[in-house]
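**Q** Sharing a sequence plus its predicted fold:
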Amino acid sequence: MKPTLTKSSSLAQNSRVRVWDLPTRLFHWALTICVFGAIITVNVGGLWMEWHIKFGIAALCLIVFRIIWGFVGSRYARFSQFVKGPKGVLAYLKNSNTTPAGAGHNAIGAWSVMLMLGVIGAQALTGLFSTDDIMTQGPLNAYVSNATAETITSVHQLLSNAVIALIIVHIGAIIIYALRGKRLIPPMITGDVMSTQLAPNTPSARDDFNLRLLALVLIVILAAGSIWLWVLGNAVPPSF
Ligand code: HEM
Ligand code: HEM
């Protein structure tokens, strides 16, 4: 009996819990590339502004995908699983040192995720109407008055500071967690957390073929909308 017990307990110890489904992980790294891409290309300027627009529209597409995924995605990707009210946040702050970790975003991290989605979404939306008054404008710039475009462009410029600040805080928080021994990056790559690091009986998220197919259908529809926006921008003559 003894060897069987040892074997099964070591199996339990080594088992993995799927936390981030593949679509959420791909979303994350694609968004990272698009946001860094948009920031780098706008700073290089010149002909690279065309790529700023491409990265920006792709970022918008990804944010819309993530918002929908927050309702139809797997367990830990759902807003209803991780967004907590003030009571939930306070309870987390009180008990986080004593209670074993749950899977997914913690109550504080959840709000920083929502803030990032909101601010990056607003950044990309305002970009659609922005203009540099030289040769680059968002695809919807021609559909608003010059005064409105000017105001929205100022918002786009101001918001970019908030986007950069949030990214610095985000990466800083991940580094601080790593220094304290909590490695959050591997699960965002492989999807899994060792069950020993989580509260007992933490359930796995779904990450099967049908779920991935649903994500693929969604992203293809959203990408078609994004390409339409891009083509619309190229069809409209510059406003100067
Ligand atoms: C996450 C997405 C985006 C980020 C992080 C971002 C960031 C930035 C930054 C940092 C600037 C320079 C602001 C300054 O001059 O101080 C800028 C300018 C600009 N962006 Fe974006 N942007 C994004 C999305 C978009 C999108 C989707 C479009 C259009 C489709 C767009 C169009 C423009 C234009 C036309 C300018 C020039 C405005 C100016 O001269 O300041 N951006 N963006
Ligand atoms: C432009 C840069 C970045 C942006 C906009 C960004 C945005 C986000 C967002 C929106 C989430 C929530 C994921 C979700 O639930 O869908 C997230 C989570 C995460 N990000 Fe990033 N990210 C960026 C860069 C990075 C980098 C460079 C790293 C690694 C060093 C990283 C590591 C992580 C990790 C580990 C999580 C999961 C956190 C947790 O377990 O609660 N991110 N990020």
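**A** Great, that's in hand. Keep in mind that this is a model prediction, so the values were computed, not measured. Residues are numbered from 1 along each chain as shown. Ligands and ions are numbered 1, 2, ... in the order given.

**Q** Show me which residues of the longest helix belonging to the chain are buried.
**A** In the chain, assigned by DSSP state H, the helix with the most residues is helix 146-179. Using 16 or more other Cβ atoms under 10 Å as the test for burial, helix 146-179 gives 149, 152-153, 155-156, 159-160, 162-163, 166-167, 170, 174. From N, CA and C alone the C-beta is placed, and that goes for glycine too.

**Q** Could you dump the residues you listed into JSON lines with pLDDT added?
**A** Below are the buried residues of helix 146-179 laid out as JSON lines (pLDDT from 0 to 100):
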{"residue": "A149", "pLDDT": "97"}
{"residue": "I152", "pLDDT": "98"}
{"residue": "T153", "pLDDT": "98"}
{"residue": "V155", "pLDDT": "98"}
{"residue": "H156", "pLDDT": "98"}
{"residue": "L159", "pLDDT": "98"}
{"residue": "S160", "pLDDT": "98"}
{"residue": "A162", "pLDDT": "98"}
{"residue": "V163", "pLDDT": "98"}
{"residue": "L166", "pLDDT": "98"}
{"residue": "I167", "pLDDT": "98"}
{"residue": "H170", "pLDDT": "97"}
{"residue": "I174", "pLDDT": "96"}
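
**Q** near ligand 2, from these?
**A** Counting by Cβ under 6 Å from any ligand atom, the subset of those that neighbours ligand 2 consists of I167, H170, I174.

**Q** Other residues contacting stretch 177-190?
**A** V19, W20, R25, H28, W29, A101, I174, V193 (Cβ atoms under 8 Å, 6 or more residues apart in numbering).

**Q** Can you give me the distance of the closest residue to the first one other than its chain neighbours to ligand 2?
**A** Which is V19. Using Cβ to Cβ, 6 or more residues apart in numbering and skipping the chain neighbours, the partner closest in space to V19 is A103 (4.7 Å). Distance, A103 to ligand 2, by Cβ to the nearest ligand atom, to the nearest Å: 9 Å.

**Q** Pull up the residues of this protein that are close to ligand 2.
**A** Contacts of the chain with ligand 2, taken as Cβ under 6 Å from any ligand atom, map to 24, 27-28, 31-32, 35-36, 66, 105, 109, 113, 116-117, 120, 167, 170-171, 174, 184-185, 188.
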